[in-house]
Each structure stands twice: as structure tokens, then as C-alpha cells.
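show me how the following folds:
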Amino acid sequence: MDLKDYWTKKLASYSTQEWIKHPNIFAKEVVEYFPKQGKLLELASGVGQDSRYFSSLGYDVIATDLIPPSQLVDLNQPLPFPDESFDIVYSHLGLHYFPIKRTVQLFSEIYKTLRPNGLFCTLFNSLTDPEVSLSTRIEDDFYLTPVGINKRFFSVDSLELLLPKEFKILLLDNNGKTIKDGDNKLIRLICQK
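Below you'll find the model as predicted:
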């Protein structure tokens with residue numbers, strides 16, 4: 001299935017839900033790590049509830065996604081931003097649709113777009129997700145899901161191996177949860193350049 005078509009339909013269904021009117025739990029958790037002000041890049045922003053939340057707190061936000069209304073950015077391609085452009089790069093469940101090679105490249109590109117001491121804050125599906133057992137393995141931790149999209153599932157250990165070694169990890173655990181799904185042991189990552 002084409003990711004653009006999948007997310008167009010998925011975001012249309014999300015936009016009718018009450019929970020979409022509020023920032024995600026992870027967005028509210030990570031702001032305590034943020035500098036008082038700065039430029040924030042959200043990757044795979046979906047309908048934009050977290051971008052709106054960060055903007056309401058005074059951050060200069062660029063929201064990106066594969067489909068409108070955000071700035072269009074295809075994460076299968078190199079990030080179109082200059083080095084050291086952002087104080088924060090944020091993503092909520094948006095960076096796990098890529099084979100290992102592109103995942104490593106994307107993390108390296110994120111590192112480069114951050115200013116010194118910049119933060120990378122993201123949430124991932126974990127290998128404990130029930131969807132893993134229903135999916136077909138393509139490569140280590142990367143599966144074809146029942147809905148027809150490719151998806152990477154992470155563990156704390158696998159994520160540590162994939163990140164650029166220069167990152168200083170401030171938080172890495174499997175205690176993440178969402179409004180939509182509750183306590184589902186998502187991987188929370190906050191690291192600093």
C-alpha cells in the first residue's frame with residue numbers, strides 16, 4: 001500500500017476523534033527538556049496537534065508531513081534543511097517506516113540539522129507491540145503489517161545501536177503511552193547533540 005494514500009485516509013479518520021484536539025502525552029512530557037524558546041522541526045506531524053501545542057508555548061515551529069496541510073517532506077528522501085537549523089527535532093510515532101539503511105541515514109540527518117545542544121525527541125512503536133506477531137518479517141525489526149505498510153519496531157537496545165554515537169541520551173525507555181492507545185510500552189527517546 002502507498003504510504004501517502006494510507007495516511008490520507010488514516011488522518012481523515014483521526015480528524016473526527018476527540019483526542020486529536022489535544023497534544024499527545026509525549027509532547028507534554030518532553031517540553032520540560034526544551035529550552036525556553038527556539039526553532040522546532042516536527043517530522044510526520046499528521047493533523048498537527050503537537051505542532052499547534054508547541055507553537056502556543058512560543059516555539060517557532062515548522063510542521064512537516066507527507067501530506068498537506070503541513071510542509072511536504074518525504075522522509076524517504078534526505079531532509080531538505082541546512083545543518084544546524086533547529087533547536088529541537090520532534091516526532092510522534094512518525095519515524096519507523098523505513099529499512100535499516102534509511103533509518104540510520106535519517107537519524108544522522110536529524111543530528112546534522114540540530115544546533116549545538118539541540119534536542120531530538122521522538123516516540124516509537126516497540127517490539128512488544130501485538131502488531132509484530134501479526135506481521136511478516138522483511139528484515140530485523142522491520143515488517144509488512146496486516147494493513148499493507150512496512151513498519152519498523154524498536155527496542156531500547158536496537159535504538160541505541162542505530163543512533164549516531166555523538167548523541168547524549170537523556171531519556172530512553174519503554175514507558176511511552178498515547179491518548180489513543182493507552183499504556184502500550186512505546187519507546188521514548190530524548191537525546192542531545
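
quick one: contacts of the helix or strand bottoming out on mean pLDDT in the chain?
Of all regular secondary-structure elements in the chain, judged by mean pLDDT, DSSP states H and E, the least confident is helix 3-14 with a mean of 78. Helix 3-14 is contacted from outside by 20, 46-47, 65-67, 97, 147-149, using CB atoms under 8 Å, 6 or more residues apart in numbering. Every C-beta, even on glycine, is put in place using the N, C-alpha and C of the backbone.

farthest pair within the residues you listed?
Maximum pairwise distance among the contacts of helix 3-14 (CB to CB): 23.3 Å, between 20 and 148.

looking at the two, which one has more neighbours?
The neighbour comparison of residue 20 against residue 148 (other CB atoms under 10 Å) goes to residue 20, with 17 against 11.

and the more buried one, what does it touch?
The contact partners of residue 20, taken as CB under 8 Å, 6+ apart, are 14, 47, 49.

measure how buried residue 188 is and give me the count.
Residues within reach of residue 188, counting by other CB under 10 Å, total 20.

right, and it touches residue 126 too?
No. Assessed by CB atoms under 8 Å, residue 188 is found out of contact with residue 126, at 10.0 Å.
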